[in-house]
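Asks: sharing a model prediction with you, sequence too.
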Amino acid sequence: MMQSILIVDDQQANLVALEATLSELDNVEIISATSGPQALSILLKKDVAMVLLDVQMPGMDGFEVASFMRQRPKTRHVPIIFLTAINKEESYLFKGYENGGVDFLFKPFNPFVLLSKVRIFLELDGRQKQLEEALSNLRQVKTSNEVLLKSVGEGIIGVSIDGLISFINPAAEMILCCNGTTLIGQPLYKSVIVSTHKSSGSDWKESKLFHSCSQGKAFHSDVGVFRASTNRMIPVEYTASPTHSPSGSFDGAVIVFKDITERKKIEEKLHYLAQYDSLTELGNRNLFNSALNNSITYSNHSGQTFALLFMDLDRFKQVNDTLGHDAGDALLKEVAIRVAHCIRDTDILCRLGGDEFTVIISGDHAEQASRRVSDKLIYALSQPFEILGQELYVGASIGIVYYPELGKTAGELIKNADMAMYQAKHEGRNRYRVFESDMKSQVEETMALEVELRRAYEIMDFSLHFQPKYDMKTGSIVGAEALIRWRAGERDVSPAIFIPIAEETGLINGIGRWVFETTCIQVRKWSLDYNLPPGFRVSVNMSVQQLQDPDLIELLKQAVVSSRVDPNLLEVEITESLFLERTEVNMENLASIRELGTGIAIDDFGTGYSSMAYLAQLPFTVLKIDKTFVDDVHLPQGSAIISAVVALSNGLGVEVIAEGVETEAQANRLLQLGCVHAQGFFYSRPLAIDQFEALMESGFRLPSSQRLGS
């Protein structure tokens, strides 16, 4: 007795290894599938003794396949052995057993163990089939042919040699919703069978069924269509076998059929799953590849160009890491809805996986439309998201290419769009960039810089500069901002270039920790060597990844204790957009930073994220007016904004400081508006440690030539 084993794995090498191991079994047919939908499609048509199922597969994983199997009577009891290479946690194993697995094997598996387990399940399957066969034989002995025809689950129709219906059993009556007597004597091809292809013939003598049966051969169709008495079309699978008279001549046919409506629904669902993302219901990578190739073909025939947008969310990983995958999934659903509202019905929106989305824009003005859509997307995704009770900000970086101008093949378009997106992310995120030919060299330079940054990270080959903060009335130094510097070989690399790389590569937490620890040590030294004025604080910038680190407070405490610095001499600077993302981890860490005695400054204040309604609830001590407003301080709008921020800070009892002050006129106007503290190139660029110490030795004051009113 031949038995079948289905093996499912998306890696061809794994399938080859499994087939080689299982080839030692006798009378066993090995069937392989490279995806979940393909496996389920095979199980619809094929009986198998057991399934060896890989867990980690793209699109539909092994647990989802098992869940589908358990929902169908035919496959409900088929044994499943899960194969996995990554996770041995108890909760993970329980998930497999809950989905119907009978065992787990961990890659690389022991061939002896695998064969031993497989043989056990094959033996159980063989005994089950022997029992079913014995029961079937017993029923056949006790049942006459006529009773059997009337009681089987499949529909049976007898047809005479001239194509007229001569017999119909109760199952056929039920499937076709008819009284069998009304069909007796009726032409088969006018009353029941619906011809779906001209080549099939619409008449009995012209049909493939008649030609096969008249030659003594059975005729089978997987996808036939029968007409019910209500004129409803029913998808069926049927087999027609010839019948013969006592003399042996052909005298008609017996058609055995079954309704496959449910199977068709499942196949359609599998097709949907193969083309669409189950989370967002957008097209997936398969549909995108097909749509992109179709767009290229159409463009080649019509001469009409199209645009491809490649979009990546800017801070999705942080959401997943801090709030969990449920929050990440909820965010992706909301993103999909917002993106869909920004495009036309004729545009094609897909999710490739993770936080990557694509949009194909066709039409006479695809280039202009791509820019308009990108602006709308960036604005829409910059607005806060309410996810599981948390207010989140993400943003997006978008790369744009045009066919055929910026790519002549699907692969080239995808690569160039991805490169343009990467450039947008590298330039500061939350923006779009159209691909340019020199981007390849820029990306290569960035990748080379990443290698150098990793080397520097291993030994923390960085330095700190300190930019003084001044009281503009007295010219006294009231604090400083610690700023990281990196010299790669013979060149200084701007923080605006290497900090985004550090954030993308996950190095930022370690670098940020080094900056804080080094600042603590330096400030402790200054507190011993110099008479620091009252209220003097040195601020340290903190990234979103650092703030969302559950271990952040313990690390800060360790740095403060080990350096023996007074935490009141320190200040943490956080950008406004990050500060207003009130996740549970963020709020707990901010409160703990204040409990430590360290001040908290909101950097870049007023750049568009403010929600004054809850600023009073947050534990900050300083508002830093963004340079863009300082630049416009002589304009009515700029003055009004700065006056409002000063009034707000006075009302909340916090300090206010202007950053980016570059001219005496700006400094004088800021003083008129009530802003006393400032930093910027007008007063001082960031200074090396020895230069900053020289300022402290001169009495913590500006040179008289730089004091206002001098």
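Replies: Looks like it arrived, so ask away. Given the structure is predicted, the values throughout are model-derived calculations rather than measurements.
Asks: list the buried ones in the helix or strand where Val478 lies?
Replies: Per DSSP states H and E: Val478 is located in strand 476-488. Residues Ser476, Ile477, Val478, Gly479, Ala480, Glu481, Ala482, Leu483, Ile484, Trp486, Ala488 are the ones in strand 476-488 that count as buried (16 or more other C-beta atoms under 10 Å). Where C-beta positions appear, they are placed from N, C-alpha and C, glycine not excepted.
Asks: could you dump the residues you listed into CSV and include distance to Val319 and pLDDT?
Replies: Shown next, in CSV, are those (distance: C-beta to C-beta, whole Å; pLDDT from 0 to 100):
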residue, distance to Val319, pLDDT
Ser476, 43, 91
Ile477, 40, 93
Val478, 37, 94
Gly479, 33, 95
Ala480, 33, 96
Glu481, 29, 97
Ala482, 28, 97
Leu483, 28, 97
Ile484, 26, 96
Trp486, 29, 96
Ala488, 32, 90
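Asks: out of those, who's nearest Gln304?
Replies: Of all the buried residues of strand 476-488, Gln304 sits closest to Ala488, with 46.3 Å by C-beta to C-beta.
Asks: can you give me the distance of the closest one to Ser441?
Replies: Distance, Ala488 to Ser441, by C-beta to C-beta, to the nearest Å: 17 Å.
Asks: ok, now Gly599?
Replies: Counting by C-beta to C-beta, the separation of Gly599 from Ser441 is 43 Å.
Asks: higher neighbour count, the two?
Replies: Set Gly599 next to Ser441 and count neighbours by other C-beta atoms under 10 Å: Gly599 wins out with 24 against 9.
Asks: next one, pLDDT for the more buried one please.
Replies: pLDDT, Gly599: 93.
Asks: what sits against it?
Replies: For Gly599, the contact set (C-beta atoms under 8 Å, 6 or more residues apart in numbering) comprises Arg537, Ser539, Asn568, Leu570, Glu571, Val572, Thr621, Val622.
Asks: what is the burial count for Ala13?
Replies: Ala13 has 8 nearby residues by other C-beta under 10 Å.
Asks: 2 is where my numbering starts, stick with that
Replies: Understood, numbering begins at 2; the last thing we discussed is Ala14.
Asks: helix, strand or coil for the closest residue in space to Glu357 that isn't next to it in sequence?
Replies: Closest residue to Glu357 apart from its sequence neighbours, by C-beta to C-beta, 6 or more residues apart in numbering: Asp313 at 5.5 Å. Applying DSSP: H, G, I helix; E, B strand; the rest coil to Asp313 yields a three-state assignment of strand.
Asks: show me what Asp313 is bridged to.
Replies: Glu357, Ser398 (DSSP bridges).
Asks: ok, it to Asp356 distance?
Replies: 6 Å.
Asks: do Val524 as well
Replies: 39 Å.
Asks: cool, and Trp205?
Replies: To Asp356, Trp205 is 59 Å away according to C-beta to C-beta.
Asks: contact partners for Phe307?
Replies: So Phe307 contacts Ser296, Ser300, Ile361, Ile362, Ser363, Gly364, Ala367, Tyr403, Tyr404 (C-beta under 8 Å, 6+ apart).
Asks: of the residues you listed - the most surrounded one?
Replies: Top of those by neighbour number is Ile362, holding 27 neighbours under the definition other C-beta under 10 Å.
Asks: who does the nearest residue to that one once chain neighbours are set aside bridge with?
Replies: Counting by C-beta to C-beta, 6+ apart, Ile362 lies nearest to Ala308, which is 4.4 Å off, once chain neighbours are set aside. Counting by DSSP bridges, Ala308 forms beta bridges with Ile362, Tyr403.
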